[in-house]
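Peer 1: My questions concern the predicted model and sequence given below.
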There are 4 protein chains.
Amino acid sequence: MAVFHHQVIVEFSDTDAAGVVHFSNYLRFMERVEHAFWRSLGRSVITEATDAHISFPRVRAECDYLLPARFEDVIDAALTVENIGTKSVSFRVEFSLRGRAIARGRMVAVCCRMLPRGKLESIEIPEMLRKPMERFVAEAPPA
Amino acid sequence: MAVFHHQVIVEFSDTDAAGVVHFSNYLRFMERVEHAFWRSLGRSVITEATDAHISFPRVRAECDYLLPARFEDVIDAALTVENIGTKSVSFRVEFSLRGRAIARGRMVAVCCRMLPRGKLESIEIPEMLRKPMERFVAEAPPA
Amino acid sequence: MAVFHHQVIVEFSDTDAAGVVHFSNYLRFMERVEHAFWRSLGRSVITEATDAHISFPRVRAECDYLLPARFEDVIDAALTVENIGTKSVSFRVEFSLRGRAIARGRMVAVCCRMLPRGKLESIEIPEMLRKPMERFVAEAPPA
Amino acid sequence: MAVFHHQVIVEFSDTDAAGVVHFSNYLRFMERVEHAFWRSLGRSVITEATDAHISFPRVRAECDYLLPARFEDVIDAALTVENIGTKSVSFRVEFSLRGRAIARGRMVAVCCRMLPRGKLESIEIPEMLRKPMERFVAEAPPA
């Protein structure tokens, strides 16, 4: 299983009055890491197509917070693909700082055609997007 | 069971290029609703004490996204207390728009004394904070 | 001259590790106040028209920071119209806390038709938008 | 005169429903560039000292918006020091995209000792901070 790593430097505007990264920002970080992952595959989260763009709106996000991160910390984010379904994909992102896990997130996104007026239509994940993700799928747990 | 309602108006800066509220902002909204809830009880999420302030850092947050919300939508957020443990409390927030559920979130927060240098020490939830929350606890599901 | 007042409550996510509202958020507040101002006039910053929506993208924003604001502070924002030109309008927003000025902002926005593909075309401010703003224009300084 | 360059990639969460970077985010970008500038000098915007940390809270920020930037654009930010006073410093940041200027910002920050309870005391900029900035000062305009 391959793991995609991306660095996130904590900006001052990411912090809150508790002196640490505001908890909502880990979702922004997770999305940032996913988008960098798509780019590392030579793609973008938004695939331009002639009739309608294809993208992956999120239907679920979650995060466990273990330890705080502070201004100018350089966080390692490790993304793996938990599961690729017919129409949806779930990602896991583990954030660590100086070798210690600080947060663990998960997102589920659904492959959609983006129609006029903000309408979305879920579709099967095209092979050209599915294929490059496959080697990042975490191995199935033993039966 | 009591439910605490709070209105969230979607600001332009809450939206993203998909024309809808960015998914990370529901966590900011959930926190905002929780803080308004504390104020409605005559309290604040931060209790000033002589030795060390008491607050509720989050250890987990999650959200399911059902339908999008757009600029100037007025979202109703309905907060209930899922569970009050000895040291932690979990909240549920259901967001709805024109009567339809658009997102369902959940947060777990731990009662902590905030010590110097950003250190935290988990403590039992003081009675003065636990008591007023109790009538917002969702009834236990039937056995 | 009329003044439009709007309250901004400082959310925890508006603060930074210095314990105060992050300076960039005053621009978000200024926009929020402007949008509330349009609503108070029975309008929205985005006017729907049959051919192309009309809106007011900003071409300049500025802010002077005098005193800090903190979590749960309730800030009064007072908006006046500095000047209405043929195609552009400038707003001033004075933020105050417990009667003391804490920040002074200014924005210049240009009336535009929003064309397909994100193109913008500046146009004269329609009378129906110009008229209701006029009584908020700060009086000209004496010659 | 030296110029400090820093790249800013536009994240999806930086955009708004107009499909472009929200105007307030240029202030976050300006701060990010300034902090990267301090690090490039082997420093941080926060200097730890035995008695009280030294930092540079902003007293003014401003930005002119020329052209929009969109998701995944890679913006070049070019920072120069406009002026170093006894206690304050002003920075200019020019943002450009594919060789065209898209925004021009300016910030004024005051050197302060950060005292307990969020109190600030303005002080003369220490020589160890002033010296490395000097070669980034834009040349004075001819008399």
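Peer 2: Looks like it arrived, so ask away. Numbering: from 1, shown residues only, chains lettered A, B, ... in the order given.

Peer 1: For residue A:37, grab the count of nearby residues.
Peer 2: 23 (other CB atoms under 10 Å in any protein chain shown). All C-beta atoms are positioned from the backbone trio N, CA, C, and that covers glycine.

Peer 1: Please apply the same query to residue A:81.
Peer 2: 20.

Peer 1: Any part of stretch A:7-17 near chain B?
Peer 2: No: between stretch A:7-17 and chain B, judged by CB under 8 Å from any CB of the partner chain, nothing touches; the nearest distance is 9.1 Å.

Peer 1: Work out the gap between that stretch and the centre of the chain.
Peer 2: The chain centre lies 18 Å from the centre of stretch A:7-17; the measure is CA atoms, centre = their mean, to the nearest Å.

Peer 1: measure residue A:9 to residue A:72 for me?
Peer 2: According to CB to CB, to the nearest Å, residue A:9 stands 7 Å off from residue A:72.

Peer 1: Please disregard the earlier target; I meant residue A:23.
Peer 2: 19 Å.

Peer 1: With neighbour numbers in mind, choose between these two.
Peer 2: For residue A:23 and residue A:72, the more surrounded residue by other CB under 10 Å is residue A:23, and the numbers stand at 27 against 16.

Peer 1: Skipping its backbone neighbours, what lies nearest that one in space?
Peer 2: Closest residue to residue A:23 apart from its sequence neighbours, by CB to CB, 6 or more residues apart in numbering or on different chains: residue B:58 at 4.9 Å.

Peer 1: surely that neighbour meets residue B:108?
Peer 2: Yes: proximity of residue B:58 to residue B:108 meets the contact threshold set by CB atoms under 8 Å, at 6.7 Å.

Peer 1: burial of residue A:101, as a residue count?
Peer 2: Neighbours around residue A:101, by other CB under 10 Å: 14.

Peer 1: before we move on, which element is it in?
Peer 2: Here residue A:101 sits within strand A:100-110, counting by DSSP states H and E.

Peer 1: got the buried residues for that strand?
Peer 2: A:102, A:103, A:104, A:105, A:106, A:107, A:108, A:109, A:110 (16 or more other CB atoms under 10 Å in any protein chain shown).

Peer 1: The residue sitting nearest the centre point of chain A: what secondary structure?
Peer 2: Closest to where the C-alpha atoms of chain A average out (CA atoms, centre = their mean) is residue A:34, at 3.3 Å. Look at residue A:34: counting by DSSP: H, G, I helix; E, B strand; the rest coil, its state is helix.

Peer 1: Could you check how far it is from residue A:4?
Peer 2: Taken as CB to CB, the span from residue A:34 to residue A:4 is 9 Å.

Peer 1: what is in contact with those two at once?
Peer 2: residue A:79 (CB atoms under 8 Å, 6 or more residues apart in numbering or on different chains).

Peer 1: Quick check: residues of chain A near chain B?
Peer 2: Residues of chain A lying near chain B (CB under 8 Å from any CB): A:18-20, A:23-25, A:27-28, A:31, A:55, A:57-66, A:68, A:70, A:114, A:118.

Peer 1: now, which of those lie within strands?
Peer 2: Residues of the residues of chain A next to chain B located in strands (DSSP state E): A:55, A:58, A:59, A:60, A:61, A:62, A:63, A:64, A:65, A:114.

Peer 1: Dump those residues to CSV, plus pLDDT.
Peer 2: What follows is those, written out as CSV (pLDDT from 0 to 100):
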residue, pLDDT
A:55, 91
A:58, 95
A:59, 97
A:60, 98
A:61, 98
A:62, 98
A:63, 98
A:64, 98
A:65, 98
A:114, 85
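
Peer 1: Just flag the most distant two among these.
Peer 2: Greatest spatial distance among these (CB to CB): A:65 and A:114, at 32.2 Å.

Peer 1: Please identify which of the two sits among more neighbours.
Peer 2: Taking other CB under 10 Å, residue A:65 and residue A:114 do not tie; residue A:65 has more neighbours (22 against 18).

Peer 1: Can you pull the phi/psi pair for the residue lying closest to residue A:70 once chain neighbours are set aside?
Peer 2: Spatial nearest neighbour of residue A:70, chain neighbours left out: residue A:20 (5.8 Å); criterion: CB to CB, 6+ apart. Main-chain torsions, residue A:20, degrees, to the nearest 10: phi -130, psi 170.

Peer 1: who touches residue A:20 in this structure?
Peer 2: For residue A:20, counting by CB under 8 Å, 6+ apart, the contacting residues are A:68, A:69, A:70, B:118, C:17.

Peer 1: Okay, and the beta partners of the residue lying closest to the second one once chain neighbours are set aside?
Peer 2: Same thing as residue A:69. Nearest residue to residue A:69 in three dimensions, chain neighbours excluded: residue A:21, at 4.6 Å (CB to CB, 6+ apart). According to DSSP bridges, the partner residues bridging residue A:21 are residue A:15.

Peer 1: List the contacts of residue A:39.
Peer 2: residue D:72.

Peer 1: if we can go back for a sec, was I right about the residue nearest to residue A:69 contacting residue A:10?
Peer 2: Yes: when contacts are counted by CB under 8 Å, residue A:21 is listed as touching residue A:10 (5.7 Å).

Peer 1: And the helices in chain A?
Peer 2: A:25-40, A:127-133 (DSSP state H).

Peer 1: for those helices, which one ends up most surrounded?
Peer 2: helix A:25-40 (a mean of 22; mean count of other CB atoms under 10 Å in any protein chain shown).

Peer 1: orientation of that helix relative to strand A:58-65 in degrees?
Peer 2: 120 degrees (axes from the mean of the first three to the mean of the last three CA atoms, to 10 degrees).

Peer 1: Determine which two of the buried residues of strand A:100-110 are furthest apart.
Peer 2: Among these, A:102 and A:110 lie farthest apart (CB to CB), at 28.2 Å.

Peer 1: Could you measure from residue A:124 over to residue B:125?
Peer 2: Distance from residue A:124 to residue B:125, by CB to CB: 48 Å.

Peer 1: Mind checking which of the two has more residues around it?
Peer 2: Neighbour count, other CB under 10 Å: between residue A:124 and residue B:125, residue B:125 has more, with 21 against 10.

Peer 1: neighbours around the nearest residue to the more buried one once chain neighbours are set aside, how many?
Peer 2: Distances taken as CB to CB, 6+ apart place residue B:111 nearest to residue B:125, at 4.5 Å, with adjacent residues excluded. Residue B:111 has 24 neighbouring residues, counting by other CB under 10 Å.

Peer 1: What count of nearby residues applies to residue A:60?
Peer 2: 17.

Peer 1: who does it bridge with?
Peer 2: With DSSP bridges as the rule, residue A:60 is bridged to residue A:108, residue B:64.

Peer 1: is it true that it touches residue B:26?
Peer 2: No: using CB under 8 Å, residue A:60 and residue B:26 do not qualify as a contacting pair, with a distance of 11.1 Å.
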